[in-house]
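Student: Test case, fold it:
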Amino acid sequence: MDGYGRSASPPQPAAPRLAGTLSRFNAALRLQATVIGAIMLRELHTRFGRHNLGYVWLFIEPMILAFCIAGLHKVSGHGMPGGVDPLAFYIVGYTPYYLFRSILNRAAGALQANAPLFYHRQVSFIDVLIARNLLDAGAVLFALIVMLAGNGVVTGEWPDDPVWLAIGVMLIAAFCHGVSLLIVAATAWGVETVERVVHPLTYLMIPLTGAFIAVWWFPAEVQEIALLNPTIHMFEIIREGQFGLSVPHHYSLGYVLASIAIANVMGLIAMRAGRRHIDLQ
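Tutor: Residues are numbered from 1 along each chain as shown. Below is the predicted model of the structure:
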């Protein structure tokens, strides 16, 4: 009895409360997964349509670009340091770089391109960006698998650890997702030059990303400076997945994960701050 003569209700056990919380969390997670899946399907239709080879173009485009660069190097007859297969080296360099460039270049116009979706209460800005970036990552990973399989059949050079290679690609996607949030937020704040600057900048950054260079090619003092760039670690992981221990690799997985976390947290904070400035008209 309490001071007013009423019977005090027994406290609710912790287990049912926890179960209810987990149930609501799972329901929200399933809803978000459904929304992201639907946006990915819509993005497939709007970006590639039913013409120009339709969905197949999603995979053919990076394949053509990577094979052109790798094929030219192969025909020239120039050997690679460590005796690695030049075709495989450029395939695992350019194709993930295509993902890097694609995510960053498309970020500024992502919300405008999907403006009608935001009339649906369940769709958020983050859902659209996740869907677009997952689509790019899946396409590039599939293209990479097909190209490396073809190279393996022709040359006998197969990936040493395909799973580790795929993890490296997804690490690039996760890092670029965080950077894409920052680009969208900057656009929302009215920085109109962002889109015009990002496109040429991604090309100028080719030598800096680590796509076409291996850290072990350089002296120790240069290696230390190069490894300040997180994308170089990611490309080293990809090359280790392809070539294994046949050549040295330099990376820190902890540094990569910390860089991804920082980029995404900063991106989310920037998106939250810039949300009210986003104009979808």
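
Student: only C-alpha atoms for contact and neighbour calcs from this point on.
Tutor: Will do.

Student: any idea how far Glu61 lies from Phe235?
Tutor: Counting by Cα to Cα, to the nearest Å, the gap from Glu61 to Phe235 is 21 Å.

Student: State the number of residues packed around His249.
Tutor: A total of 18 residues lie near His249 under the criterion other Cα atoms under 10 Å.

Student: who's in contact with it?
Tutor: Each residue near His249 by Cα atoms under 8 Å, 6 or more residues apart in numbering is listed here: 214-216, 236-237, 239-240.

Student: Which of the helices or strands spans the residue nearest the centre of the chain?
Tutor: Against the mean C-alpha coordinate of the chain, by Cα atoms, centre = their mean, the closest residue is Ala173 at 1.2 Å. Assigned by DSSP states H and E, Ala173 falls within helix 162-188.

Student: Who are the packing partners of the helix or strand containing Gln112?
Tutor: Assigned by DSSP H and E, Gln112 belongs to helix 110-113. Packing contacts for helix 110-113, counted by 3 or more Cα pairs under 8 Å, 6 or more residues apart in numbering; DSSP states H and E, involve helix 125-155.

Student: now the angle between helix 162-188 and the helix it packs on, please.
Tutor: 140 degrees (axes from the mean of the first three to the mean of the last three Cα atoms, to 10 degrees).

Student: Any buried residues in helix 125-155, and which?
Tutor: 125, 127-145, 147-149, 151 (16 or more other Cα atoms under 10 Å).

Student: what about the helices in this protein?
Tutor: In the chain, the helices defined using DSSP state H lie at 14-48, 56-76, 86-107, 110-113, 125-155, 162-188, 194-204, 206-209, 220-226, 230-243, 253-274.

Student: Return the most buried member of these.
Tutor: Using mean count of other Cα atoms under 10 Å, the stretch among the helices of the chain with the largest mean neighbour count is helix 230-243, at a mean of 25.

Student: hmm, who's touching that helix?
Tutor: Contact partners of helix 230-243, identified using Cα under 8 Å, 6+ apart, comprise 84, 88-89, 92-93, 158-169, 171-172, 208-211, 214-215, 226-227, 249-253, 255-256, 259.

Student: Over to stretch 129-142?
Tutor: 36-37, 39-40, 43, 58-59, 62, 95-96, 98-99, 102-103, 107, 110, 166, 169-170, 173, 177, 181.

Student: and what of stretch 56-68?
Tutor: Residues contacting stretch 56-68 (Cα under 8 Å, 6+ apart): 48, 87, 90-91, 94-95, 98, 139-140, 142-144, 147.
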